[in-house]
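Trainee: Fold the following and give me the result.
(chains A and B)
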Amino acid sequence: MSQVRVRFAPSPTGPLHIGGVRTALYNYLFARKNNGSFLLRIEDTDQTRFVEGAEKYIMDALEWSGIKVDEGIREGGNYGPYRQSDRKAIYKQYADLLVQKGDAYYAFDTQEQLENMRNEAEKSGKTFIYNASVRSGLNNSLALEENVWKEKLEKGDAFVIRYRMPAEEEIHLHDLIRGHIVVNTSTLDDKVLFKSDGMPTYHLAHIVDDRLMEITHVIRGEEWLPSLPLHIMLYRSFRWDAPQFAHLPLLLKPDGKGKLSKRDGDKMGFPVFPLFWPYGETAKGYREDGYYPEAFVNMLALLGWNPGTEKEIFSMDELIEAFSIERVGKSGSRFDPEKARWFNHQYLQKKTNSQLAAEFSEFLKTKSIVEDIVRLESLIGIVKERVSFVREFWDQTDFFFIAPESYDTDAVKKRWKADTGSQMIGLRALMAGMNTVAAAPVEEAVKSWIEAGGYNTGIIMNALRLLLVGASRGPGIFEIIEWIGKEETLRRIDRGVAVLGI
RNA sequence: GGUCCAUUCGUCUAGUGGCUAGGACGUCAGGUUUUCAUCCUGGUAACAGGGGUUCGAUUCCCCUAUGGACUACCA
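Mentor: From the prediction side, this is the model:
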């Protein structure tokens, strides 16, 4: 078998959403799994939909996701150019070839005329289809006298080239994921292959490019399944061997209706894009939300594919090893933001404290806080397991850096009793007399003090926590004391007693 | 409307002509914890419906329903 070559071929009409990233990922995994090549081809044949920045975004998003392109605009390769607008000169000859073979023809109908015919058909409850049943009555080289249409061409009249779909023929298709599919050509139309602006349509361009780039497997979204018969017919007309096809199930909107689309932006309460999109209507991305690319990719890989085992955490290498197109599901999937969060939690737990300290240190700069990296590492160690995102370290540790200025009302009500203040003063004296505030000795001292005084452990501890944290939350009291130090501990007790009363 | 695709717990999914239909996330309960989380244990929850085929269907076939995609000189 020839070398496996697959491509991801987005059009640069805006930011790539996560469905697109997943398509790219499956292509990439398939290529790596089979020691093949993964190419990125930009499909910008529709010049009216060009969006500034989209092409760069696509490449950046793949790079961030850890999906490495073997051949493409940035990477180069022996099958370029990799941008269809740069390949413009290639396509016309192939459209002409089809006309010569009699499998395509010139059509001169204006868009207005077609629009009218569609409207007319709709009035009588029918659908206008430009195909064998009507083409002989329309304005094209199949219906017109040869000298008439040739004259039109010479005059420079606007024309398109349409595929001449057979009137009535069963086409048998095979899809790697869906199996055998049969479609009758009578339900298909004579698709435009070459537009009046001199550019090919997707249908022609991608067939030609896939051929020229020696693509062996086309792995793309399910939205392309309805046009697969056309594509198969094109390969047949060119007398080319068709690649294998696999149509991926779609990613659905989490709230139920329809496929996920770029326009969903972040209305859903979670990002639908890998990266922040800075142009026009901006949209947030997974990267900026604090997701690790490994977690993002892991989550995406399991959305529509599974290994058949109960393993859920996969590195990219493990995904490559385990991936097979046969295990891609058939039905669309909605994704669950909670599960995405869980994946990030798993990956964050695997990071070392020193890595996390460095990341958290960056975050702290936004709060104008500078802290010793070793002290940060020990802080990370204290709260790591309760955190899913780096930014959440702040939610768990803000009181380490900033003494409480107010005290949670409910906690005060519950934890601050009539004689609590005087007990806290006693506790303060105990700690003031110690020459260390390391967690273990303080804990020992406090506990024996409690025992000696006949106090209730829960009451004392919770009250002390209230003074140090300002609320009923946070890690172990003695870990907090050790980290903030003796002076700060005493200061917080003093202030708390002053505010809450004796 | 037409064509095509799909349908297992709320979500992602495993699975088989005969299983107590499995796992994960969520959720609920209990435990751990001085608090809040984490964590541990346990529970809850699904084969869309109707016909066949069969000794027996979640599994195979048909119909219906539902969902989705497509139906542009967009990809």
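
Trainee: can you map out the strands along chain A?
Mentor: Using DSSP state E, the strands of chain A run over A:5-8, A:37-40, A:104-107, A:160-163, A:170-175, A:179-184, A:192-194, A:217-221, A:244-248, A:251-252, A:333-334.

Trainee: deepest of these, which one?
Mentor: Of all the strands of chain A, strand A:5-8 has the most neighbours on average by mean count of other CB atoms under 10 Å, namely a mean of 27. All C-beta spots, glycine's among them, are computed from the backbone N, C-alpha and C.

Trainee: Dump it to CSV, keeping only the CA atoms.
Mentor: Below are the C-alpha coordinates for strand A:5-8, written out as CSV (Å, rounded to 0.1, in the frame of the first residue of the first chain):
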residue,chain,number,x,y,z
ARG,A,5,-1.3,10.9,3.2
VAL,A,6,-4.1,12.8,4.8
ARG,A,7,-5.0,16.5,4.9
PHE,A,8,-7.0,18.9,7.0
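
Trainee: ok, and what's touching it?
Mentor: A:23-24, A:27-28, A:30-31, A:36-41, A:62, A:210, A:213-219 (CB atoms under 8 Å, 6 or more residues apart in numbering).

Trainee: Near RNA strand B, which residues of the stretch 101-250 of chain A are found?
Mentor: Selection of the stretch 101-250 of chain A residues close to RNA strand B by CB under 7 Å from any atom of the strand yields A:109-111, A:114, A:118, A:125, A:127, A:129-130, A:158, A:160, A:178-179, A:181-184, A:187, A:189, A:192, A:195-197, A:199, A:201-203, A:206, A:222-227, A:249-250.

Trainee: now the strands of chain A in TSV, with mean pLDDT?
Mentor: Supplementary listing: these in TSV, determined by pLDDT from 0 to 100:
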stretch	mean pLDDT
strand A:5-8	98
strand A:37-40	98
strand A:104-107	96
strand A:160-163	97
strand A:170-175	92
strand A:179-184	91
strand A:192-194	97
strand A:217-221	97
strand A:244-248	96
strand A:251-252	90
strand A:333-334	90
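
Trainee: What's the local residue count around A:Gly454?
Mentor: 6 (other CB atoms under 10 Å).

Trainee: Also A:Lys126?
Mentor: 10.

Trainee: Torsion angles phi and psi at it?
Mentor: Per-residue torsions, A:Lys126: phi -110, psi 170 (degrees, to the nearest 10).

Trainee: How about A:Leu302?
Mentor: phi -80, psi 0.

Trainee: What sits closest to it if chain neighbours are left out?
Mentor: Nearest non-adjacent residue to A:Leu302, counting by CB to CB, 6 or more residues apart in numbering: A:Glu312, 6.6 Å away.

Trainee: and the gap between the one you found and RNA strand B?
Mentor: 5 Å (CB to the nearest atom of the strand, to the nearest Å).

Trainee: Up against RNA strand B, what does the stretch 301-450 of chain A have?
Mentor: Going by CB under 7 Å from any atom of the strand, the residues of the stretch 301-450 of chain A near RNA strand B are A:302-304, A:306, A:308, A:310, A:312, A:327, A:329-336, A:338-339, A:342, A:345, A:385-386.

Trainee: Could you check how far stretch A:292-303 is from the centre of its chain?
Mentor: Relative to its chain's centre, stretch A:292-303 lies at 8 Å (CA atoms, centre = their mean, to the nearest Å).

Trainee: buried ones in it?
Mentor: Neighbour-count burial for stretch A:292-303, counted by 16 or more other CB atoms under 10 Å, picks out A:292-303.

Trainee: Now do the helices in the stretch 201-350 of chain A.
Mentor: A:202-212, A:228-238, A:293-301, A:316-322, A:337-350 (DSSP state H, counting those that start in this stretch).

Trainee: Dump those into TSV; add mean pLDDT as well.
Mentor: Shown next, in TSV, are the helices of the stretch 201-350 of chain A (pLDDT from 0 to 100):
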stretch	mean pLDDT
helix A:202-212	98
helix A:228-238	97
helix A:293-301	97
helix A:316-322	97
helix A:337-350	94
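
Trainee: Can you tell me which of those helices is packed in deepest?
Mentor: Scoring the helices of the stretch 201-350 of chain A by mean count of other CB under 10 Å, the most buried comes out as helix A:293-301, with a mean of 23.

Trainee: That helix - contacts with which helices or strands?
Mentor: The contact analysis (3 or more CB pairs under 8 Å, 6 or more residues apart in numbering; DSSP states H and E) places helix A:293-301 against helix A:18-33, helix A:54-65, helix A:316-322, helix A:337-350.
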